[in-house]
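Q: predicted model, plus sequence, below.
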Amino acid sequence: MFGAANPEQAISQLEAYHQEGRGERAEVMASALVDQLISQKPRDDATQGILVKGLRILAAVLNSREKYKRARITIGLLHKHRNKHGKAIGHDPVTAAADYHLAGFIHANSGKIGAAKKAFSRCQKLQPGHLAAALDVAEQCGYNKVLSKLYPKAGPVIGKNGTFILEIEGRPAADARRIGVILGGEIQVDIERQIAAIMSGEQAANARLQAAVDSLVPTHDYHTYSTN
């Protein structure tokens, strides 16, 4: 199907189809690409990298199309071939964490709650402070312990592009209101209070960033001191 076409271009096209919601076409093309690359033996490092990307897209597409049995098989192949690629060029824990995050959804959608919890936990170990994975394991598996532990580290609510998020710096963000619903009580009240304050302009959309900017503003008039 792909012939002599640039494999990276094929991957970009598959990503575009998936993002555009053209799931059937993305599935057919990703399946063909993966089958083609798996049949190539031996594979060089570059080809192995393309195979990993193809498996990642295929697993996500199958999950979105509710083909969970095939998605579980595909995510297993993704872990296997990513690890093989990592041994050759070096492991990327952030990318691996994202793969286990996806795996958590796939297993949960398949009704395999134990496997889902293990996948979300593996994601958290690879990228500690992954608030999004903590929220998802709470919603998908009813396990709130990690979210409760991480929430205090997130800082104030951030308003971004019309959404409200909580974020541990340098880690994937999570929807603030969904966290409020899961944790409830005073936490939910505080989150909603902050959102209302951001919407009214009483609180900065990104209080953490604003505080960092404010810290750079001199608190003394050095010109006055220099002229005395």
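A: Perfect, I can see it now. Numbering: from 1, shown residues only.

Q: could you use CA atoms for every contact and neighbour count after this?
A: Fine.

Q: I'd guessed residue 96 sits against residue 126; true?
A: Yes. With contact defined as CA atoms under 8 Å, residue 96 reaches residue 126; the gap is 7.3 Å.

Q: quick one: which of these two has more around it?
A: Between residue 96 and residue 126, counted using other CA atoms under 10 Å, the more crowded position is residue 96 (20 against 17).

Q: next, count neighbours for residue 80.
A: Counted with other CA under 10 Å, residue 80 comes out at 13.

Q: isn't there a helix covering it?
A: Yes. Under DSSP: H, G, I helix; E, B strand; the rest coil, residue 80 sits within a helix.

Q: for the remainder of this discussion, apply numbering that starts at 37.
A: OK, 37 is where the count begins now, so the last one is residue 116.

Q: ok, and what's touching the helix or strand harbouring residue 136?
A: Assessed by DSSP states H and E, residue 136 sits inside helix 129-145. By CA atoms under 8 Å, 6 or more residues apart in numbering, the residues outside helix 129-145 that reach it are 92, 96, 99, 104, 107-108, 111, 115, 118, 149, 151-156, 158-160, 162-163, 169, 173, 176-177.

Q: helices - which of those residues land there?
A: Among the contacts of helix 129-145, the members found in helices (DSSP state H) are 92, 96, 99, 104, 107-108, 111, 115, 118, 149, 151-156, 158-160, 162, 169, 173, 176-177.

Q: which other residues reach stretch 188-197?
A: By CA under 8 Å, 6+ apart, stretch 188-197 touches 200-205, 212, 227, 230-231, 234, 241-244.

Q: now intersect those with the strands, please.
A: Among the contacts of stretch 188-197, DSSP state E puts 200-202 in strands.

Q: got the contact list for residue 92?
A: Per CA under 8 Å, 6+ apart, neighbours of residue 92: 111, 114, 135.

Q: one more: residue 231?
A: Per CA under 8 Å, 6+ apart, neighbours of residue 231: 193, 195, 200.

Q: what is the mean pLDDT for stretch 81-100?
A: The pLDDT scores in stretch 81-100 average 96.
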